[in-house]
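Peer 1: what would the 3D arrangement of this be:
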Amino acid sequence: MDITERLDRGSSTLPAPPDAGVEGNTRLTSISGMVLIVLLAGEGVTILSVRQLIAVHVFVGVLLIAPVLLKTASTGYRFVRYYTGSAPYVQKGPPHPVLRILGPVVIASSLAVLGTGVGLFAVTPGGPGLLLFAHKASFVVWAAVMTVHVLGHLREAVLSSWREFRVTKLVPMVRGGTGRLVLVAVVLAVGVAAAVIVMPVATPWTAR
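Peer 2: Purely as a prediction, here's the structure:
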């Protein structure tokens with residue numbers, strides 16, 4: 001067997017390159033997830049002294065809405081493509097069964113925390129009623145499932161995000177990389193703008 005034949009046989013054992021659409025979706029989900037981890041860490045710090053940091057808590061909470069919607073959209077897209085039988089997404093396979101079960105709970109609790117938080121702007125601090133209780137209760141559920149969610153996806157998210165920025169011969173650029181980064185930046189800008197607009201409405205809470 002000559003060297004050419006051996007190389008041909010060896011190359012046939014190499015894994016096929018990932019589908020560009022699947023890899024692009026994975027990278028977008030991972031980058032938006034890493035952004036959310038940073039923002040959620042900041043929001044978590046404000047909870048330790050929420051009365052003194054209520055203005056920051058409100059600002060970051062409103063800012064979070066846009067990135068959460070982006071990650072929900074990218075995750076939902078993969079979900080739809082997988083369950084409608086798209087070959088590349090079926091080949092990639094689903095997440096771990098535990099993470100698949102917790103996924104809808106993570107999304108629902110995230111939207112509940114953010115939704116009830118925004119809803120509190122419509123009531124006075126002196127009479128939030130069940131809305132404040134719902135905000136706190138949904139946060140407890142969210143914190144529990146989000147901890148498992150982050151730990152389960154953190155390694156993949158870090159590696160996938162690294163591949164987006166670290167382009168080499170072994171880690172080639174995937175189509176749409178610039179567009180994904182621009183999209184994340186625009187979503188963050190929208191979140192900041194929304195927070196700036198909402199802050200005056202939240203004055204009864206932030207001025208307590």
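
Peer 1: looking at this protein, which helix is longest?
Peer 2: helix 130-165 (DSSP state H).

Peer 1: give the other helices and strands that that one contacts.
Peer 2: Contacts defined by 3 or more C-beta pairs under 8 Å, 6 or more residues apart in numbering; DSSP states H and E place helix 130-165 against helix 20-47, helix 97-119, helix 177-198. (Each C-beta comes from the backbone N, C-alpha and C, glycine too.)

Peer 1: excluding chain neighbours, what is closest to Glu164?
Peer 2: Once flanking residues are discounted, Glu164 sits nearest to Arg27: 4.7 Å by C-beta to C-beta, 6 or more residues apart in numbering.

Peer 1: residue ranges with poor pLDDT in the chain?
Peer 2: 1-18, 167-174, 208 (pLDDT under 70).

Peer 1: quick check: the gap between the residue nearest the centre of the chain and Tyr82.
Peer 2: Nearest to the geometric centre of the chain sits Gly33, at 3.3 Å (C-alpha atoms, centre = their mean). Note on Gly33: its distance to Tyr82, by C-beta to C-beta, to the nearest Å, is 18 Å.

Peer 1: give the contact list for the residue nearest to Glu164.
Peer 2: Ser160, Ser161, Arg163, Glu164, Val174, Gly177, Arg180 (C-beta atoms under 8 Å, 6 or more residues apart in numbering).

Peer 1: try 10 Å
Peer 2: 74, 157, 160-165, 174, 176-177, 180-181 (C-beta atoms under 10 Å, 6 or more residues apart in numbering).

Peer 1: in TSV, list those along with distance to Pro95.
Peer 2: Putting the contacts of Arg27 into TSV (distance: C-beta to C-beta, whole Å) gives the following:
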residue	distance to Pro95
Ser74	14
Ala157	12
Ser160	13
Ser161	17
Trp162	19
Arg163	18
Glu164	20
Phe165	23
Val174	20
Gly176	22
Gly177	23
Arg180	20
Leu181	24
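
Peer 1: closest one of those residues to Arg51?
Peer 2: Nearest to Arg51, judged by C-beta to C-beta, of those is Ala157 at 33.0 Å.

Peer 1: distance of the closest one relative to His149?
Peer 2: Counting by C-beta to C-beta, the gap from Ala157 to His149 is 11 Å.

Peer 1: got the angle between the longest helix of the chain and helix 97-119?
Peer 2: Relative orientation of helix 130-165 and helix 97-119, computed by axes from the mean of the first three to the mean of the last three C-alpha atoms, to 10 degrees: 120 degrees.

Peer 1: gap between the helix or strand that Leu70 is a member of and the chain center?
Peer 2: In this assignment (DSSP states H and E), Leu70 forms part of helix 54-83. Centre-to-centre, helix 54-83 and its host chain are 6 Å apart (C-alpha atoms, centre = their mean, to the nearest Å).

Peer 1: helices or strands next to it in the packing?
Peer 2: Counting contacts by 3 or more C-beta pairs under 10 Å, 6 or more residues apart in numbering; DSSP states H and E, helix 54-83 packs against helix 20-47, helix 87-92, helix 97-119, helix 177-198, helix 203-206.
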